[in-house]
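> my questions are about this predicted structure, shown below with the sequence.
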Amino acid sequence: MGRQQPLDLATVTAGRGGRPAAARRPGWPLVLTALALLTALTAAATWLRADGTFAAWEQAAVETSDAGALRLGYFGNLTHGPALVGIEEGLFAQELGGTELSTQVFGSGPTAVEAMNAGTLDAAFVGPSPAINSYAQSGGESLAIVAGAASGGAQFVVTGDVTGADDLAGSTLATPEFGGTQDVALRTWLAGQGYEVDGDGERSVAITPMPNGQALQMLRQGQIDGGWLPQPWATRAVQEEGARVLVDERDLWAAGRFPTTVLVVRRDYLERHPQTVERLVRGLQRSVDWLEAREDDPVEVAGTLNAGLVRAGTEALPQTTLIDALDALEWTVDPLPAAYPALLADGVAAGTTQDASLEGLVDERFLARVRPSAAAGEGAP
């Protein structure tokens, strides 16, 4: 649209004879017409930007409201324990009120993020690496991390004939998906040990991304030598397949804390429905509170988590397996933002993401509003 020329009201309101309206006898219809035109022109002057776009339309596009629906993604893993509890105990649905909640189970973070980018998912529990990758690729436009869910719970398990890092040359290893949080962790650790991934040198290893359940089967069949797996799969590999833990990822981080699962929301959904996002975060806080309040009652926790796993299409676990797996996890709504620069650097070095500014990736506004009431006991399960 080109530059707008000043409009002459006298010309605009001229009659058929071309004379200005002021030169003719005024009448109520003409006065009303002039007033309507003046109103329209004033509105146009307000709406029209210098570049020809309409500010009012743009502003209307970001007016906030409660969402009619929220589509939430999660995994059938114990590292998604707060999601399992929030769905199974109805805590998310209670907090969302009139917003209809629908859920979808995913096998990996990159797949869930792809669904968000396609607009078929509004929020999801994922690992931090796929969230960082999406944020970097979109220039910060795709999503935001609004809360944490779990820390820890990821381990590098290997077959019994691997006694140490030097025994991995020529091995084939598994991760849930290329570019996922465990995939980046394994690639980073291997590089630190002097290994080349998918190379042909003496210290080369192969990484084959696959679903966690398939990795368990491949271990059983002797087709892979290990994998960097989340819980409960790492514990299952040890208890069911005779694997052993070569690296507990907690040992690689200060104080043993790092984000394993975070809650992300699509950026445009967050901007349009911040009230709904806050209610979702409040439901997450209640889920974490529920788990923490029952630390001394592992039977109840195991029952609810097993029910959540079954709902997610994952088989129920023996109580001892589930309890052992929980020992490697910490539930927390803290997104642990200090870890993201290191996670980004690891992803860049591993070739799974690009370097970018992470400013704005973590949006803690909703936690800031939820945490005080949670601490005071409001909204407790």
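Thanks, I have it.
> every contact and neighbour count from this point should use C-alpha atoms.
OK.
> how many residues are close by R250?
18 (other C-alpha atoms under 10 Å).
> number of residues surrounding the nearest residue to it once chain neighbours are set aside?
Of all residues not flanking R250 in the chain, G256 sits nearest, at 4.2 Å (C-alpha to C-alpha, 6 or more residues apart in numbering). By the measure other C-alpha under 10 Å, the count of residues near G256 is 12.
> these two touch, right, G256 and A328?
No - look at G256 against A328 with C-alpha atoms under 8 Å: they stay out of range, at 10.3 Å.
> between these two, which contacts overlap?
G152 (C-alpha atoms under 8 Å, 6 or more residues apart in numbering).
> what segments of this protein are strands?
69-75, 100-106, 123-126, 143-152, 154-158, 172-175, 196-197, 204-209, 226-230, 244-248, 259-266, 329-331 (DSSP state E).
> and A345, which of those is closest to it?
Nearest to A345 among those is strand 259-266 (15.1 Å), distances taken as C-alpha to C-alpha.
> quick check: mean pLDDT of the closest one?
Averaged across strand 259-266, the pLDDT comes to 98.
> just checking, what packs against it?
strand 123-126, helix 128-137, strand 143-152 (3 or more C-alpha pairs under 8 Å, 6 or more residues apart in numbering; DSSP states H and E).
> burial check on E95, number of neighbours?
19.
> how far away is the residue nearest to R250 from T172?
Going from G256 to T172 by C-alpha to C-alpha, to the nearest Å gives 27 Å.
> so what's the closest residue in space to T314 that isn't next to it in sequence up against?
Excluding its sequence neighbours, the residue lying closest to T314 (C-alpha to C-alpha, 6+ apart) is G76, at 5.8 Å. By C-alpha under 8 Å, 6+ apart, G76 lies in contact with 84, 105-107, 308-309, 312-314.
> so where's the stretch 1-150 of the chain uncertain?
1-62 (pLDDT under 70).
> mind putting the helices and strands packed on strand 259-266 in CSV, distance to Q214 included?
Listed next are the helices and strands packed on strand 259-266 as CSV, based on distance: least, C-alpha to C-alpha, whole Å:
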stretch, distance to Q214
strand 123-126, 20
helix 128-137, 21
strand 143-152, 22
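> pick the most buried one from the ones you listed.
strand 123-126 (a mean of 30; mean count of other C-alpha atoms under 10 Å).
> give me the sheet partners of that strand and which way each runs.
strand 69-75 (parallel), strand 259-266 (antiparallel) (DSSP bridges).
> thinking again about what came up before, give me the phi and psi angles of the residue nearest to T314.
phi -90, psi 50 (degrees, to the nearest 10).
> so which of the strands of the chain comes closest to A165?
The nearest among those, by C-alpha to C-alpha, is strand 244-248 at 8.0 Å.
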